[in-house]
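**Student:** need a 3D model of the sequence below.
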Amino acid sequence: MTATTTPDATISIPEVPLWRARLLMALSSLRSSWAMFAENPIGLIGLGVIVFYGLFAAAHPILMNTVWDPVVYDPVNGFDIEIAFHPSAPSMRHPLGTDVLGRDVLSQLMFSTRYEFALGMLAALATSIVATTIGAISAYYGGVIDLLLMRLADLVYMMPLLPILIVLGALMDIGMIELAIVLGLLFGFGGTAIVVKSQALSVKVKPFIEAARIAGGSDFHIIFKHMVPNLLPISLLYMMFTVNTAIAYEAILSFFGLTTIEMSWGLMINVTQVFGYLLRFDTWWLLFPASIAITTLCAAFYLVGRALDEVVNPRLRRR
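**Tutor:** Numbering: from 1, shown residues only. You can find the predicted model right below:
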């Protein structure tokens, strides 16, 4: 006996929701990108350092609420009256000693980490939004709009950033949010926009852009629905580089006393310098913890950025 089929017989295929299909594609792309990223040891080292500092920052409020006495270990107003002379050397009570004002250095270091992360992320997010928008608009329209935006980007790129920040710090109060916005605008309108625009030119000529235009999509729809999502990988890459640059500039401005941030690694070094302990190696705990933290966290974001470059940049991909 043989099985037969009739012309009326149909095979029902379950419909997959569009959101689920997109999610599955995104997860597949993420797994592939992670596999390429994991092959690069410097990227894993950088990611490990970033995770360490993230846990380092998260541990501070836990210690303040469970172990440490806020009167002694508050990073801004704390003071240990049981120690006769400050700064005091590292001990069991203060693993990294105290500063010249009697505040615990380890508590300051942990508390400042959250500000460094917040500043870096805010500056990177602002840079990504500005640079991606400028680059996509410039590449899509071309002509006079492209000329004006790219000449503005060239002008911002050639401007000396540090002197501008120093002047702004002298003229106005610069807190964490203000500094993040200023850095985001300067980076976003500068070299990052030029790089993103060059990538946007290759996206502009893709068949799906022309298909969206023929289907009646508006310029706004095409730019922000089709071009910008394809520019996010390159934007993510430059976000990593923006984070370490923002941390470095904040440390410089805080060292000169030009920010209103209540506590940061740069401000820790500033207090050391103001009280004349900067070049004294017998009080190394006043300088080295904050300096090493700045160096290692900036280096970590740079290493992650270099590893991401091999994932995002088609010329550097190994597979």
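
**Student:** tell me who's in contact with residue 129.
**Tutor:** By C-beta atoms under 8 Å, 6 or more residues apart in numbering, the contact set of residue 129 is 184, 188. C-beta: built from backbone N, CA, C; applies to glycine.

**Student:** switch to 10 Å and redo it
**Tutor:** Counting by C-beta atoms under 10 Å, 6 or more residues apart in numbering, residue 129 touches 184, 188, 228, 235.

**Student:** same deal with residue 253?
**Tutor:** 162, 165-166, 168-169, 174, 179, 259, 261, 264, 266-267, 270.

**Student:** from those, keep the buried residues only.
**Tutor:** Buried residues within those, counting neighbours by 16 or more other C-beta atoms under 10 Å: 165, 168, 169, 174, 179, 259, 261, 264, 266, 267, 270.

**Student:** all helices for the stretch 51-200 of the chain, in order.
**Tutor:** Assigned by DSSP state H, counting those that start in this stretch, the helices in the stretch 51-200 of the chain fall at 70-73, 105-141, 143-158, 161-171, 176-188, 191-204.

**Student:** residue ranges in this protein under the pLDDT threshold?
**Tutor:** Low-confidence segments of the chain (pLDDT under 70): 1-16, 18-19, 21-22, 26, 29, 313-319.

**Student:** rerun that using 50 as the cut-off
**Tutor:** For the chain, the stretches with pLDDT under 50 are 1-5, 319.

**Student:** hmm, back to that, among the contacts of residue 129, which one lies nearest to residue 311?
**Tutor:** residue 235 (13.5 Å; C-beta to C-beta).

**Student:** give me the phi and psi angles of the closest one.
**Tutor:** phi -70, psi -40 (degrees, to the nearest 10).

**Student:** state the number of residues packed around the closest residue to it other than its chain neighbours.
**Tutor:** Of all residues not flanking residue 235 in the chain, residue 128 sits nearest, at 4.4 Å (C-beta to C-beta, 6 or more residues apart in numbering). Neighbour count of residue 128, defined by other C-beta atoms under 10 Å: 24.

**Student:** doesn't residue 231 make contact with residue 128?
**Tutor:** Yes. Using C-beta atoms under 10 Å as the test, residue 128 is close enough to residue 231 to be in contact (9.4 Å).

**Student:** overlap in contacts, these two.
**Tutor:** Among the neighbours of residue 128, those also in contact with residue 231 (C-beta under 10 Å, 6+ apart) are residue 196.
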